[in-house]
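> coords below, sequence missing:
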């Protein structure tokens, strides 16, 4: 199952405070959207969330890269390191034919996803096995970085474990977030079982 196919960056105050950047809050960032990240030169910039190796004859449109095979895979050998800036992500729990979306976040803080990029195409989020407390939702999660490890990651040091996952809270949300066009603060409301929804 693919993971981390949707996330958020909505905390204007935190982004301004830490990076002196103005953003338009986005409550439903989807693949092929332009996203805010820190590149290997440690500069904050915008890049498309859609990674393709330079040698690929046809678009591969990769949005995730598994940490376990990051060094081995030909697709990622020419990549540079980056850090995607977020304040939470969505993941779906599948039960038979029903998919239930959950929002994962760090209270009042930004979260930082380890990433890779290719200047000629875009970026992808590096993933790992999920932390035990939310692995029942999905078996994969983004690799979460601590600020003290930014330079190490960008300079090629593999940092796939941190204590940040232990700080992540989560709750179920309405499945209207399945549609990327639904992009408003209501996306972050806790799921109400009285809501009329159509699981898809």
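Great, that's in hand. Keep in mind that what you see is a predicted model, and the values were worked out from it rather than measured. Numbering: from 1, shown residues only.
> Tell me where the longest helix sits in this structure.
helix 12-19 (DSSP state H).
> does residue 152 sit in a helix, a strand or a coil?
Three-state secondary structure (criterion: DSSP: H, G, I helix; E, B strand; the rest coil) places residue 152 in helix.
> Contact partners for it?
By C-beta atoms under 8 Å, 6 or more residues apart in numbering, the contact list for residue 152 reads residue 159. (Each C-beta comes from the backbone N, C-alpha and C, glycine too.)
> How about the one 4 residues further on?
Counting by C-beta under 8 Å, 6+ apart, residue 156 touches residue 81.
> hmm, back to that, and the next helix or strand past the longest helix of the chain?
Reading on from helix 12-19 to the C-terminus, the next helix or strand found by DSSP states H and E is strand 26-29.
> what mean pLDDT would you report for that following strand?
The predicted model assigns strand 26-29 a mean pLDDT of 98.
> Kindly report the same for stretch 96-114.
The average of the pLDDT scores along stretch 96-114 is 94.
> Assumed residue 36 was part of a strand.
Yes. The secondary structure assignment for residue 36 places it in a strand, going by three-state DSSP.
> Apart from its neighbours in sequence, what residue is nearest it?
Of all residues beyond its chain neighbours, the one nearest residue 36 is residue 85 (4.7 Å), with distances taken as C-beta to C-beta, 6 or more residues apart in numbering.
> and the one you found, how many neighbours?
Residue crowding around residue 85 was assessed by other C-beta atoms under 10 Å; the count is 24.
> Distance of it relative to residue 145?
If you measure residue 85 against residue 145 using C-beta to C-beta, to the nearest Å, the figure is 11 Å.
> who touches both of those two?
When contacts are counted by C-beta under 8 Å, 6+ apart, residue 85 and residue 145 are jointly contacted by residue 112.
> quick revisit: surely the residue nearest to residue 36 and residue 15 touch.
Yes. In this structure, residue 85 sits in contact with residue 15. The criterion is C-beta atoms under 8 Å, and the distance is 6.9 Å.
> between those two, what contacts are shared?
Overlap of the contact sets of residue 85 and residue 15 (by C-beta under 8 Å, 6+ apart) consists of 9, 36, 110.
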